[in-house]
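Novice: just coords:
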């Protein structure tokens with residue numbers, strides 16, 4: 001079930017093979033749904049939504065890339081073979097944005113505990129109800145972990161490696177096979193580091209930077225602090241994007257994302273700001289690599305440094 005190239009709405013399905021909406025058929029084999037109608041009365045709010053995206057991402061290139069990678073989740077499979085980190089220092093719109101995405105995708109979006117992807121791996125013989133909940137989902141959206149330094153689990157490697165069928169079980173239930181091939185998205189602050197990075201994991205990490213900060217007009221201390229004077233990254237928080245008010249925009253977001261869906265994601269170019277943010281995150285988690293880049297790299301190929309001197313400098 002829910003493996004065909006369609007997205008189910010209350011009044012139709014959107015067929016990604018035909019690039020058009022059509023009436024649903026029994027052969028679509030759909031259980032999941034967005035839980036709202038495709039033909040929305042709120043579609044006229046698309047300009048407001050685009051302004052929100054401009055406020056939080058600023059750069060058009062980044063907006064387009066984010067729309068593309070999120071649209072990839074509309075059909076089953078982690079086409080990027082990646083785990084995506086939404087990283088920012090706080091009050092930057094990432095929680096509002098992921099809440100909107102979760103509402104837009106309805107049943108297709110899972111919200112498991114982040115420990116499924118970051119923490120200790122759970123063996124198949126032990127209960128893992130969060131894994132069961134991922135069955136045939138398109139995206140998993142998780143809030144930030146408690147720890148600052150944490151492992152990426154073996155389950156994450158399997159899911160981002162397009163393994164597909166995974167054995168797991170719920171509490172007091174027998175072992176069962178679930179189909180998990182989705183895009184994990186982790187909301188986190190800029191203090192997180194990964195302690196078990198290897199080349200395979202490094203190749204799968206994508207970081208989307210959230211660089212803006214939104215503050216209430218009444219928060220005088222933030223607005224008037226020396227570092228924020230004339231800082232274009234500090235903006236007034238728009239009450240339109242707070243709390244339950246965002247619900248009318250989920251039906252708008254889905255249409256914007258559908259416009260950005262593409263069949264072949266191997267041609268998708270990564271913006272330089274994503275490359276730099278990803279590199280910075282990886283280097284923050286790689287103590288030796290950070291040391292080599294900062295203290296050892298030299299443009300003189302004929303220069304040599306002794307191992308003892310290198311080790312002494314690393315200890316310092």
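Specialist: Here it is on my side, so go on. Being a predicted model, the structure only gives us computed values, none of them experimental.
Novice: please name the nearest non-neighbouring residue to residue 268.
Specialist: Leaving out its chain neighbours, the residue that sits closest to residue 268 by CB to CB, 6 or more residues apart in numbering is residue 68, at 5.7 Å. Every C-beta, even on glycine, is put in place using the N, C-alpha and C of the backbone.
Novice: next helix or strand past the helix or strand hosting the one you found?
Specialist: Element membership of residue 68, judged by DSSP states H and E, is helix 60-71. Once helix 60-71 ends, the next helix or strand along the chain (criterion: DSSP H and E) is strand 83-87.
Novice: quick check: angle from that following strand to helix 60-71?
Specialist: 140 degrees (axes from the mean of the first three to the mean of the last three CA atoms, to 10 degrees).
Novice: quick check: neighbours of strand 83-87 in the sheet, parallel or antiparallel?
Specialist: Partner strands for strand 83-87, per DSSP bridges, with pairing direction: strand 183-188 (parallel), strand 205-209 (parallel).
Novice: hmm, who's touching the last one?
Specialist: Which is strand 205-209. Strand 205-209 has contacts (CB atoms under 8 Å, 6 or more residues apart in numbering) with 62, 66, 69, 80, 82-88, 194, 270, 273-274, 277-278, 280-282.
Novice: the residues you listed, buried ones only, as a PyMOL selection?
Specialist: Buried members of the contacts of strand 205-209, defined by 16 or more other CB atoms under 10 Å, are picked up in PyMOL with:
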select buried, resi 62+66+69+80+82+83+84+85+86+87+88+194+273+274+277+278+281+282
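Novice: residues touching the residue nearest to residue 268, list them.
Specialist: The contact partners of residue 68, by CB under 8 Å, 6+ apart, come to 260, 262, 265, 268.
Novice: quick check: the second one is in a strand.
Specialist: Same thing as residue 262. No - secondary structure assignment (DSSP: H, G, I helix; E, B strand; the rest coil) places residue 262 in coil, not in a strand.
Novice: neighbours of it, how many?
Specialist: Residue 262: 11 surrounding residues under other CB atoms under 10 Å.
Novice: give me the pLDDT value at it.
Specialist: Residue 262 carries a pLDDT score of 95 in this model.
Novice: ok so, going back, which of the contacts of residue 68 sits closest to residue 115?
Specialist: residue 265 (28.3 Å; CB to CB).
Novice: and that closest one, how far from residue 82?
Specialist: 10 Å (CB to CB, to the nearest Å).
Novice: for residue 173, same thing?
Specialist: For residue 173 relative to residue 82 (CB to CB), the value is 31 Å.
Novice: and what of residue 159?
Specialist: 10 Å.
Novice: with residue 194 instead?
Specialist: Counting by CB to CB, the gap from residue 194 to residue 82 is 14 Å.
Novice: now the helix or strand hosting residue 166: buried residues?
Specialist: Taking DSSP H and E as the criterion, residue 166 maps to strand 164-168. Of the residues in strand 164-168, 166, 168 count as buried by neighbour count, 16+ other CB under 10 Å.
Novice: who's in contact with that strand?
Specialist: Outside of strand 164-168, the residues within contact range by CB under 8 Å, 6+ apart are 124, 128, 131-132, 155, 158-159, 175-181.
Novice: can you tell me the closest non-neighbouring residue to residue 57?
Specialist: residue 63 (4.8 Å).
Novice: filter the contacts of residue 68 to the buried ones?
Specialist: 260, 265.
Novice: pull the most distant pair out of the contacts of residue 68.
Specialist: The span of those, defined through CB to CB, is set by 260 and 265 at 11.2 Å.
Novice: can you tell me how far residue 255 is from residue 263?
Specialist: For residue 255, the distance to residue 263 - CB to CB - is 19 Å.
Novice: how about the strands in this structure?
Specialist: 6-8, 13-15, 20-22, 83-87, 109-110, 139-142, 149-150, 164-168, 176-180, 183-188, 193-194, 205-209, 213-215, 234-236 (DSSP state E).
Novice: which one of these lies closest to residue 95?
Specialist: Nearest of the strands of the chain (CB to CB): strand 183-188, 6.2 Å.
Novice: which residues sit against the closest one?
Specialist: 69, 72-73, 78, 80, 82-87, 94-95, 98, 101, 114, 117-118, 138-145, 156, 159-160.
Novice: average pLDDT across it?
Specialist: Strand 183-188 shows a mean pLDDT of 95.
Novice: centre of the chain to that strand, how far?
Specialist: 4 Å (CA atoms, centre = their mean, to the nearest Å).
Novice: from residue 97, how far out is the residue most central in space within the chain?
Specialist: The centroid of the chain falls nearest to residue 185 when counting by CA atoms, centre = their mean (2.8 Å). Per CB to CB, residue 185 is found 10 Å from residue 97.
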